[in-house]
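# predicted model and sequence follow; I will ask about them next.
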Amino acid sequence: MENIKDSVLYRFMAVDDLEDVMKVEHESFTIPWSREAFYNEIENNQFAFYLVAELDGRIAGYCGVWLVLDEAHITNVAVLPNFRGKGIGLTLMEKMLKLAQEHGAKTATLEVRVSNLPAQSMYRKLGFQEGGIRKRYYTDNQEDALIMWVTINE
């Protein structure tokens, strides 16, 4: 059987992707972003860039970033549950960090739930390190967020 990673197409998110993106969003987060939020990100936010991972014509995951001056802020990363652990999230992040670097970003940052150890492990593989805690960052259960940083362009 072929490696699933070889079948994934990575590309910029388009408005036509939003129905599938919302499925990923709702299966990944307790407080999902709205369709309108994604629409505004890709159509109106000059600082925002979003990539999708497409598999057999369907969106299996996505990643977003805001590029402001020399900093990349990863807004969200999500992969459908049945495709997690197959390298899709890692590849999305690698491609996003490369895009950020090409746009002049020197560092990248993100927040992740303190309980989300699989995501933290993935971020560490990319060189992210702990930078602090945002107390009660997540409004659904008041969980803290771990702030992570990586230098991507020295």
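Everything's here; your move. Numbers count the residues shown, from 1 in each chain.

# in stretch 108-116, what counts as buried?
The neighbour-count check on stretch 108-116 (16 or more other Cβ atoms under 10 Å) flags 108, 110-113 as buried. (Glycine included, C-beta is placed from N, CA and C.)

# any stretches of the chain with poor pLDDT?
Low-confidence segments of the chain (pLDDT under 70): 1-3, 5, 154.

# quick one, phi/psi of the nearest residue to Glu41 once chain neighbours are set aside?
In space, Glu41 comes closest to Ala48 once its chain neighbours are excluded; the distance is 4.5 Å by Cβ to Cβ, 6 or more residues apart in numbering. Dihedral angles of Ala48 (phi, psi; degrees, to the nearest 10) stand at phi -100, psi 140.

# list the contacts of Ala48.
41-42, 64-66, 75 (Cβ atoms under 8 Å, 6 or more residues apart in numbering).

# same thing but at 7 Å, please
Contacts for Ala48 (Cβ atoms under 7 Å, 6 or more residues apart in numbering) come out as 41-42, 64, 66.

# can you report how many residues lie near Asp140?
Asp140 has 8 neighbours, counted by other Cβ atoms under 10 Å.

# remind me which helix or strand it belongs to.
Assigned by DSSP states H and E, Asp140 belongs to neither a helix nor a strand.

# buried residues, the helix or strand hosting Glu43. List them.
Here Glu43, judged by DSSP H and E, is contained in helix 35-44. Residues of helix 35-44 classed as buried by neighbour count (16+ other Cβ under 10 Å): 38, 41-42.

# ok, so of those, who is nearest Ala145?
The closest of the buried residues of helix 35-44 to Ala145 turns out to be Glu41 (Cβ to Cβ; 19.8 Å).

# hang on, the earlier thing: packing partners for the helix holding Glu43?
Secondary-structure packing of helix 35-44 (3 or more Cβ pairs under 7 Å, 6 or more residues apart in numbering; DSSP states H and E): helix 18-28, strand 48-55.

# mind doing that once more with 10 Å?
On a contact count with 3 or more Cβ pairs under 10 Å, 6 or more residues apart in numbering; DSSP states H and E, helix 35-44 meets helix 18-28, strand 48-55, strand 58-68, strand 71-79.

# what's the third one packed up against?
In this case it means strand 58-68. Strand 58-68 packs on strand 9-12, helix 18-28, helix 35-44, strand 48-55, strand 71-79, helix 88-102, strand 107-113, going by 3+ Cβ pairs under 10 Å, 6+ apart.
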